[in-house]
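J.: this one's sequence-less:
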């Protein structure tokens, strides 16, 4: 019997589809019963939304507590009560960026206290709104890395049998060749190997590495990053008995992984890895942050402002993100000792 795990879900930018896709995903009874869930957001926005999308959940509301006590029979909800304004649905707004940040901040407080959360799923936020609110991060990945002092975080995108991990994340394309260093590639390989072994139960992951340049430089005709940075990293990883191959031309490698030849692909930069998976699995893809001291997944899409309040948002990617967080948490070895610290949560007046 699989162990019961506790999963936190932040509801994202209030002007987008985060709350909608979360509630739609949890309509799946099998998914709902697979874990104990804790939603973090503003409860005042939920009543109208439930009527609109046809859900009727009864929540265990947590609004003024010193001890985090989760119900296993109901969906738990930490009510921050921080939306005291009319939500400008479908628009970028600093107030929404602030609310979204506060949801994430509460999740971080709980995770840092080592309370009972096994993992975190984050609904989409808007990067511009976040920055307008004074929180200068490029997204969830960088924010969580800073909060937990995680130096070597990596983004993984996964759907069905395709897994893609990025060496570099949100940087200008002109800066990528400088950032693709032997150390960066090597750290990525080690992180990927450890993650797939621990959370996906793949004992010897078959790792394939993309080249940076066209045709993986064509033997030096189109650049030398492969020779100077990528190949030395692969040599070092192989010395540690890691099953890694490459660098391969990126234009054909993803098809081979899709056919089952490899367990994971390491791509050098954002669009090299994201275009294939978003083309094939736009409503199924999941973003996983590797290198954090906890499990974090999210749907592989944004706030979809154009769909806000229209009851047209597809919850498929969110559903897959929740499923994967539960699966990874169930696969994680149990902690022998778990320190428990209680976090006081101040109730906000509406």
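T.: Structure received. What you are looking at is a predicted structure, and each value in this text was computed from that prediction instead of being measured.
J.: now for residue 198, how many residues are close by?
T.: Per other CB atoms under 10 Å, the neighbour tally for residue 198 reads 13. From N, CA and C alone the C-beta is placed, and that goes for glycine too.
J.: surely it forms part of a helix?
T.: Yes: Residue 198: assigned to a helix according to DSSP: H, G, I helix; E, B strand; the rest coil.
J.: residue boundaries of the helices in the stretch 51-200 of the chain?
T.: 94-112, 127-132, 140-147, 176-179, 182-199 (DSSP state H, counting those that start in this stretch).
J.: okay, those in CSV with mean pLDDT next?
T.: Listed next are the helices of the stretch 51-200 of the chain as CSV, based on pLDDT from 0 to 100:
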stretch, mean pLDDT
helix 94-112, 94
helix 127-132, 96
helix 140-147, 93
helix 176-179, 96
helix 182-199, 96
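J.: nearest to residue 11, of the ones you listed?
T.: helix 94-112 (5.9 Å; CB to CB).
J.: on the pLDDT front, check residue 344 for me.
T.: Here the pLDDT value assigned to residue 344 is 40.
J.: how about residue 114?
T.: 64.
J.: next one: residue 3
T.: At residue 3, pLDDT is 75.
J.: three-state assignment of the closest residue to it other than its chain neighbours?
T.: Counting by CB to CB, 6 or more residues apart in numbering, residue 3 lies nearest to residue 330, which is 5.8 Å off, once chain neighbours are set aside. Going by three-state DSSP, the secondary structure assigned to residue 330 is helix.
J.: surely residue 330 meets residue 2?
T.: Yes: between residue 330 and residue 2 there is a contact at 4.9 Å, judged by CB atoms under 8 Å.
J.: neighbour count: the two, which is higher?
T.: Using other CB under 10 Å, the more surrounded residue of residue 330 and residue 2 is residue 330, with 16 against 11.
J.: residue contacts, that one?
T.: Going by CB atoms under 8 Å, 6 or more residues apart in numbering, residue 330 touches 2, 3, 5.
J.: and with 10 Å instead?
T.: 2, 3, 4, 5, 34, 35, 118, 119, 199 (CB atoms under 10 Å, 6 or more residues apart in numbering).
J.: so which of the residues you listed belong to strands?
T.: Under the assignment DSSP state E, the contacts of residue 330 contribute 5, 35, 119 to strands.
J.: shaky segments in the chain?
T.: 1, 63-66, 114-115, 335-350 (pLDDT under 70).
J.: 50 instead, please
T.: 338-350 (pLDDT under 50).
J.: what about the strands in this structure?
T.: 5-10, 35-41, 59-62, 75-79, 119-122, 154-159, 162-166, 207-210, 244-248, 264-267, 286-290, 295-299.
J.: save those strands as CSV, and put in mean neighbour count too.
T.: Supplementary listing: those in CSV, determined by neighbours: other CB atoms under 10 Å:
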stretch, mean neighbour count
strand 5-10, 25
strand 35-41, 25
strand 59-62, 17
strand 75-79, 22
strand 119-122, 27
strand 154-159, 23
strand 162-166, 24
strand 207-210, 25
strand 244-248, 21
strand 264-267, 27
strand 286-290, 24
strand 295-299, 27
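J.: in JSON lines: these, plus distance to residue 184.
T.: Formatted as JSON lines, the strands of the chain follow (distance: least, CB to CB, whole Å):
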{"stretch": "strand 5-10", "distance to residue 184": "29"}
{"stretch": "strand 35-41", "distance to residue 184": "33"}
{"stretch": "strand 59-62", "distance to residue 184": "41"}
{"stretch": "strand 75-79", "distance to residue 184": "37"}
{"stretch": "strand 119-122", "distance to residue 184": "25"}
{"stretch": "strand 154-159", "distance to residue 184": "10"}
{"stretch": "strand 162-166", "distance to residue 184": "10"}
{"stretch": "strand 207-210", "distance to residue 184": "12"}
{"stretch": "strand 244-248", "distance to residue 184": "14"}
{"stretch": "strand 264-267", "distance to residue 184": "10"}
{"stretch": "strand 286-290", "distance to residue 184": "13"}
{"stretch": "strand 295-299", "distance to residue 184": "21"}
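J.: quick one: closest of those to residue 88.
T.: Closest among these, using CB to CB: strand 35-41, at 16.8 Å.
J.: show me the contacts for the nearest residue to residue 71 once chain neighbours are set aside.
T.: Excluding its sequence neighbours, the residue lying closest to residue 71 (CB to CB, 6+ apart) is residue 60, at 4.0 Å. By CB under 10 Å, 6+ apart, the contact set of residue 60 is 36, 38-39, 69-78.
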